[in-house]
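Peer 1: Here you go, sequence then predicted model.
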Amino acid sequence: MKKKVAFATCVQLGLSCIEEIYRIGGNLDLLITLKDEKAKDKSGRIYLDDIATQHQVPLLKIDNINDQEVLNTLKEHQIDWLFIIGWSQIARKEVLEAPTYGCIGMHPTLLPIGRGRAAIPWAIIKGLEKTGVTMFKLDEGVDTGEIIGQGVIILDKNTTATKLYQKVNAMHITLISKYWNDIINNNITLMKQNEDDATEWPGRKPEDGEILSSMTMDEADKLVRAVTHPYPGAFFKVNDKTMRIWSATTYKDEGEIKLRDGYLVPIDYEIEGE
């Protein structure tokens with residue numbers, strides 16, 4: 001008998017997965033999202049009302065994934081697997097153990113590399129040649145669960161956060177499509193992460209996007225590409241004004257923003273405070 005599956009998300013990455021499940025003929029037994037008034041400013045925030053109505057699936061709107069009503073509803077619907085994707089709250093043990101077989105997440109790195117937050121900006125800032133998306137069974141740690149499958153994404157010196165987010169979204173869809181039948185037929189193979197290779201990346205704040213004159217051209221170029229849309233953007237302070245930079249190039253001999261070994265030349269930018 002096919003397993004009963006619930007899906008919790010509040011961002012586009014999760015909605016893309018839900019749409020793919022229905023596109024390939026799958027079915028969901030419960031959708032979970034945040035209450036409408038919560039996280040309105042979150043990057044990529046979406047609402048599940050339309051797709052829940054379209055497919056006549058129950059929709060639970062919550063404050064927190066660890067709320068008692070989540071546990072009660074999972075039990076009521078006899079859920080076997082719960083996807084939690086694009087959800088910043090960490091699920092506690094009680095939630096992880098509520099579905100018959102557990103919970104499944106996705107992380108936009110090739111785990112165990114890059115556990116933690118801000119995976120897309122960090123991949124560009126660190127100058128990685130490749131990153132990817134990992135589907136894994138959630139445990140009580142942060143991105144430490146056993147791996148179900150991975151997909152690789154190649155980076156180059158022109159990769160921006162905008163392009164990488166699109167590729168990460170596409171890879172979520174690819175992994176859902178590839179492993180959906182194995183999940184609902186309970187035929188997945190779990191692989192432990194190699195702790196010797198594990199790294200953890202910290203969270204980032206909008207103020208971390210400041211371009212400094214002490215940076216090299218390479219550092220400034222990577223920062224601009226790493227925090228452009230859908231993130232808050234890099235910025236350079238000029239007197240009492242702020243230049244918000246969405247794209248830029250670098251030159252050795254001349255340009256608008258002096259760096260340690262050359263210049264940064266903004267291409268797409270805004271002057272704030274005018």
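Peer 2: Arrived safely. Remember, predicted model here, so these are calculated numbers, not experimental data. Numbers count the residues shown, from 1 in each chain.
Peer 1: any low-confidence regions in the stretch 1-150 of the chain?
Peer 2: 43 (pLDDT under 70).
Peer 1: which residues of it fall in helices?
Peer 2: Assigned by DSSP state H, counting those that start in this stretch, the stretch 1-150 of the chain shows helices spanning 12-23, 49-55, 68-76, 93-96, 119-125.
Peer 1: The stretch 151-274 of the chain now?
Peer 2: Ranges of helices within the stretch 151-274 of the chain are 161-184, 217-226, based on DSSP H, counting those that start in this stretch.
Peer 1: Pull out the buried residues from the shortest one.
Peer 2: Neighbour-count burial for helix 217-226 flags M217, E219, A220, D221, K222, L223, V224, R225, A226 (criterion: 16 or more other C-beta atoms under 10 Å). C-betas here are computed from N, CA, C, even on glycine.
Peer 1: cool, stretch 226-243 as well?
Peer 2: Buried residues in stretch 226-243, counted by 16+ other C-beta under 10 Å: A226, V227, T228, Y231, P232, G233, A234, F235, F236, T242, M243.
Peer 1: for those, which one is nearest N181?
Peer 2: Checking the buried residues of stretch 226-243 against N181 by C-beta to C-beta gives Y231 as the nearest, at 34.9 Å.
Peer 1: shouldn't the closest one be in contact with P121?
Peer 2: Yes: here Y231 reaches P121: they are 6.3 Å apart, a contact under C-beta atoms under 8 Å.
Peer 1: For those two, list the residues in contact with both.
Peer 2: A161 (C-beta atoms under 8 Å, 6 or more residues apart in numbering).
Peer 1: Now for D139, how many residues are close by?
Peer 2: For D139, the count of nearby residues is 16 (other C-beta atoms under 10 Å).
Peer 1: Now for it: which residues touch it?
Peer 2: For D139, counting by C-beta under 8 Å, 6+ apart, the contacting residues are L96, G145, E146.
Peer 1: Mind doing that once more with 10 Å?
Peer 2: Neighbour list for D139: A91, K93, L96, G102, C103, G105, G145, E146 [criterion: C-beta atoms under 10 Å, 6 or more residues apart in numbering].
Peer 1: repeat for K137
Peer 2: Listed by C-beta under 10 Å, 6+ apart, the contact partners of K137 are 81, 96, 101-105, 145-148, 188, 190.
Peer 1: Test my guess that G262 contacts A220.
Peer 2: Yes: G262 is in contact with A220 according to C-beta atoms under 10 Å; the separation is 8.9 Å.
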